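In: Just need the structure, nothing else, for what follows:
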Amino acid sequence: MGVEYEILMRLMSKLFLNTATILLSFQISSFLLPWLIVLWLSYNAQMEDVGQFGFILAILSPICLLLASPSRNYLLSSEGINFKDVVNFRKILALFGLVVAVFIGYLIESLMFVTVIYMAKISELFFDLDIVTNIKNRNNKSLLKTSLLKWTCILVVFVFSFFITELWLLLLVTALLFLLASIGKQVFEKIYVKEFTTLLKASLPLSISALVFSVYFNIPRYVLGEANADTLLAVFTISSFLIMGGLVVVNTIMQSRLHFMTCQFQKKNFPHLFQNVVFTIIVVLLVYLAIQVLRVDYLSSLFWQAHNNLNEGLPIYDIAYQGVLSMSWGPLLFSYGNYYLIMIGKHKTLLYLALINSIITYPSSMYAYDVGGFDALLWSFNISGLLQFLLIAFLVYKQKVAR
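Out: Prediction:
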């Protein structure tokens, strides 16, 4: 009995102290917060308000990713970083972003809502610093503690929601808890960065890439928002959370292996690198298949019941839900392929490629929606993701041959 217990404990330790598992926990918590807001709005507001939140999030998410610089991927793929400088650097950018968020909120006549959404989002990204430190030090126990601390913050806010009925106040509490949990007393320390310009120049290409990625993923929201299709935007926003769940898994696997794969590529250890490529491709395929399972009537019914059955207004809403899930291969391939350019250190190439893709995809998606409706919009968006993946595969193969 003692031996069996010991074996069980070892298996549990390997499962829960695994880097990928803990990263998955972080990623789930990151997309859980906006989803909880959508759930709250679906029961306490109109369908159009859900669409408005999706549009606000589409504006703020790219800004937050740009200001969360140096990004987690940059820190994972770089050495010799002074993390105290990084904390202060991010604090400066976060304060600048607060001014931008206030200005945006004033322009769209939703000052308080926009500001607190920004604060909750940007404060959450400070967890990146502890995540990277623990991954590089292979300290999974400390990484797990940080993850549990973040989940505790979310649980505290959830409990507060029974006593606080104002959404903006709940988001403000969330932001404060995230800051204290992620960087602690450094929130109150004097801001001083020794190598501000150097850090900015080195990290900016990948951070701008993160902004461009976010803009790219939000293109369907921009198109629907500009077309004043608020209710369809609400359905798309809710449906796309399931794709975000799939992206969480893909990003987690890639981030947990990024440092190792970068080292293998630099050492020209291509057999081991190829094994990782095969494994991650299988993960992407399984994620896509899992998303398709959610299209089954029983599961889709449960999903929309949780969202106050907002899709019951018109049959087109259920068609939109089915279309979003079936056309999830483009975003998955886009996100997956980008990690390989990070792996080979082609940060600027990734930026230019994603920027050109976004510049082409936005007007083509607008035209597709005007001509062929929602389905044409999805096809335009997905084909652009596929093309980027294929081009990255060619560039990485070319770089391998050159080495």
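In: Which secondary structure state is assigned to residue 33?
Out: Reduced to three states with DSSP: H, G, I helix; E, B strand; the rest coil, the structure at residue 33 is helix.
In: Report the contact partners of it.
Out: Residue 33 makes contact with 120, 124, 154, 174, according to CB atoms under 8 Å, 6 or more residues apart in numbering. Every C-beta, even on glycine, is put in place using the N, C-alpha and C of the backbone.
In: Most widely separated two among those?
Out: Greatest spacing in those, by CB to CB: 120 and 154 (10.8 Å).
In: Compare these two (neighbour count), which wins?
Out: The residue with more neighbours, out of residue 120 and residue 154 and counting by other CB atoms under 10 Å, is residue 120; that gives 25 against 17.
In: Helix or strand: which one has that one?
Out: Under the assignment given by DSSP states H and E, the secondary-structure element containing residue 120 is helix 111-124.
In: Pretty sure residue 259 sits against residue 78.
Out: No: in this structure residue 259 lies outside contact range of residue 78 using CB atoms under 8 Å: 9.7 Å.
In: Let me see the ranges of the helices in the stretch 101-250 of the chain.
Out: Ranges of helices in the stretch 101-250 of the chain, per DSSP state H, counting those that start in this stretch, are 111-124, 127-136, 140-160, 167-183, 196-217, 219-226, 230-266.
In: Summarise which helices and strands the second one is packed against.
Out: It refers to helix 127-136. With contacts defined as 3 or more CB pairs under 8 Å, 6 or more residues apart in numbering; DSSP states H and E, the secondary structure elements packing on helix 127-136 are helix 19-44, helix 72-76, helix 83-107, helix 140-160, helix 167-183, helix 230-266.
In: Can you check what angle separates that helix from helix 83-107?
Out: 150 degrees (axes from the mean of the first three to the mean of the last three CA atoms, to 10 degrees).
In: Run through who's touching helix 127-136.
Out: In this structure, residues lying in contact with helix 127-136 by CB under 8 Å, 6+ apart are 19, 23, 26, 68, 71-72, 75-76, 83, 86-87, 90, 139-140, 142-143, 146, 150, 178, 181-183, 256, 259.
In: mind redoing it with 6 Å?
Out: Outside of helix 127-136, the residues within contact range by CB atoms under 6 Å, 6 or more residues apart in numbering are 72, 75-76, 83, 142-143, 146, 182.
In: Would you quantify the distance from residue 332 to residue 386?
Out: Noted for residue 332: a distance of 10 Å to residue 386, by CB to CB, to the nearest Å.
In: Please identify which of those two sits among more neighbours.
Out: With other CB under 10 Å as the criterion, residue 332 and residue 386 differ in neighbour count, and residue 332 comes out ahead with 23 against 14.
In: on that earlier part again, mean pLDDT for the helices and strands packed on helix 127-136: which is lowest?
Out: Taking each of the helices and strands packed on helix 127-136 in turn, the one with the lowest mean pLDDT is helix 72-76, at a mean of 77.
In: which helices and strands does that one pack with?
Out: helix 127-136 (3 or more CB pairs under 6 Å, 6 or more residues apart in numbering; DSSP states H and E).
In: Which positions within the helix it packs on qualify as buried?
Out: For helix 127-136, the neighbour count (16 or more other CB atoms under 10 Å) marks 127-135 as buried.
In: helix or strand for residue 365, which one?
Out: Once you assign secondary structure using DSSP H and E, residue 365 falls within helix 347-402.
In: Just the mean pLDDT for that helix, thanks.
Out: Across helix 347-402, the average pLDDT comes to 89.
In: what's the spacing between it and its chain's center?
Out: 18 Å (CA atoms, centre = their mean, to the nearest Å).
In: and that helix with helix 196-217, angle?
Out: Using the same axes, to 10 degrees: helix 347-402 against helix 196-217 is 90 degrees.
In: can you give me the angle helix 347-402 makes with helix 230-266?
Out: Computed by the same axes, to 10 degrees, the angle between helix 347-402 and helix 230-266 is 40 degrees.
In: what's helix 347-402 packed up against?
Out: Using 3+ CB pairs under 6 Å, 6+ apart as the contact definition, the elements that helix 347-402 packs against are helix 196-217, helix 219-226, helix 315-326, helix 329-343.
In: I'm done for today, thanks for sticking with me.
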